[in-house]
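Enquirer: fold the following for me, if possible:
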Amino acid sequence: MNKEITSIQNPYIKQLFQLKEKSRERKKSGLFLIEGEREISLAIKGHYELDTILYYPELISEAKVNALVNQQTNSIEISKEVYQKLAHRDTTEGIIAIAKSKSHELQSIKFKTKSPLVLVAEAPEKPGNIGALLRTADAANVDAVIIANPKTDLYNPNSIRSSVGCIFTNTIATGSTAEIIAFLKQHNISIYCAALQASKLYTAQDYKQASAIIVGTEATGLSNEWLQNSTQNIIIPMQGEIDSMNVSVAAGILIFEAVRQRAN
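Expert: Numbers count the residues shown, from 1 in each chain. Okay, here's the model as predicted:
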């Protein structure tokens with residue numbers, strides 16, 4: 001018989017609220033929240049271990065919960081008040097999972113081909129941008145996404161939400177800029193930095209070999225460490241008054257040029 005929690009004052013619910021709100025708590029416990037059927041399904045597909053399932057029976061049935069997850073997973077029926085306390089989205093599906101995070105070490109990446117395509121983002125600050133980058137990477141089926149010097153943890157609810165669950169199915173690693181440059185060189189992966197200085201048109205490069213597309217923040221661009229180790233700086237020509245665009249849009253343009261070339 002499933003347990004039931006109806007009060008937002010329940011100590012366990014208070015603990016889960018801290019996981020939702022605070023990166024420090026997520027890192028300390030190694031746990032985070034996943035909201036929604038699609039996202040939970042993708043987490044299962046990505047071999048994430050689910051600790052507990054919470055569900056609000058007015059929105060999702062116990063039978064549907066059992067069909068979605070392994071019946072060995074602990075499940076708890078919760079009240080509307082508890083669900084609203086923990087839910088991050090306005091759209092309601094009635095189900096939240098507590099999952100165990102992964103380590104995302106660089107050396108855990110195992111490339112399946114000799115010419116991998118990698119997307120690297122340096123110091124993204126906005127969880128929404130991380131999610132959008134992961135959606136782009138998923139759409140292009142890149143071999144890995146690497147976050148250099150991350151400013152927020154991957155399991156921020158906004159990152160998960162904006163990635164629509166792609167955070168669970170992409171191969172993702174994090175590290176310092178120096179560590180990632182060493183990793184790319186170790187694997188003989190060419191480094192193409194999106195930058196204004198000493199750049200060539202992005203369509204003029206050959207991305208059919210092992211390639212990494214490197215993007216920085218909209219405010220400051222890439223650090224000098226990347227530019228000094230670049231195989232070639234690349235640029236997207238701007239037709240208007242500004243000289244930059246949203247990082248996820250820029251990454252999409254560059255990555256899909258590489259995909260186009262590889263299809264020919």
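Enquirer: only C-alpha atoms for contact and neighbour calcs from this point on.
Expert: Will do.
Enquirer: in the stretch 101-250 of the chain, which spans are helices?
Expert: Secondary structure of the stretch 101-250 of the chain by DSSP state H, counting those that start in this stretch: the helices cover 127-140, 157-162, 177-186, 224-228, 247-263.
Enquirer: between the ones you listed, which one is nearest to residue 234?
Expert: Closest approach to residue 234 among these (CA to CA): helix 247-263, 9.0 Å.
Enquirer: right, and the helices of the stretch 101-250 of the chain - which one's nearest residue 51?
Expert: helix 157-162 (17.2 Å).
Enquirer: which strands and helices sit next to that closest one?
Expert: Contacts defined by 3 or more CA pairs under 8 Å, 6 or more residues apart in numbering; DSSP states H and E place helix 157-162 against strand 31-35, helix 127-140.
Enquirer: for that helix, buried residues please.
Expert: 157-162 (16 or more other CA atoms under 10 Å).
Enquirer: distance check, the residue minimising distance to the centre of the chain against residue 116.
Expert: For the chain, the residue sitting closest to the mean C-alpha position, by CA atoms, centre = their mean, is residue 167 at 3.7 Å. According to CA to CA, to the nearest Å, residue 167 and residue 116 sit 19 Å apart.
Enquirer: what of residue 248?
Expert: Distance, residue 248 to residue 116, by CA to CA: 20 Å.
Enquirer: got it, and residue 41?
Expert: For residue 41, the distance to residue 116 equals 27 Å [CA to CA].
Enquirer: for the protein, what spans make up the strands?
Expert: Listed in chain order, the strands of the chain (DSSP state E) span 3-5, 31-35, 50-55, 74-78, 95-100, 117-122, 144-148, 172-175, 190-194, 199-201, 211-215, 232-235.
Enquirer: which intervals of this protein have sub-threshold pLDDT?
Expert: Residue ranges of the chain with pLDDT under 70: 1-2, 71, 243.
Enquirer: tell me, how many residues neighbour residue 198?
Expert: Neighbourhood size, residue 198 [other CA atoms under 10 Å]: 10.
Enquirer: swap in residue 109?
Expert: Counted with other CA under 10 Å, residues neighbouring residue 109 total 15.
Enquirer: go on, the one 4 residues further on?
Expert: By the criterion of other CA under 10 Å, residue 113 has 9 neighbours.
Enquirer: so what's residue 109 up against?
Expert: Listed by CA atoms under 8 Å, 6 or more residues apart in numbering, the contact set of residue 109 reads 144, 171-173.
Enquirer: try 10 Å
Expert: Shown in contact with residue 109 (CA atoms under 10 Å, 6 or more residues apart in numbering): 143-146, 171-173.
Enquirer: please tell me how far it sits from residue 24.
Expert: Separation of residue 109 from residue 24 (CA to CA) stands at 25 Å.
Enquirer: nice, that's everything, thank you.
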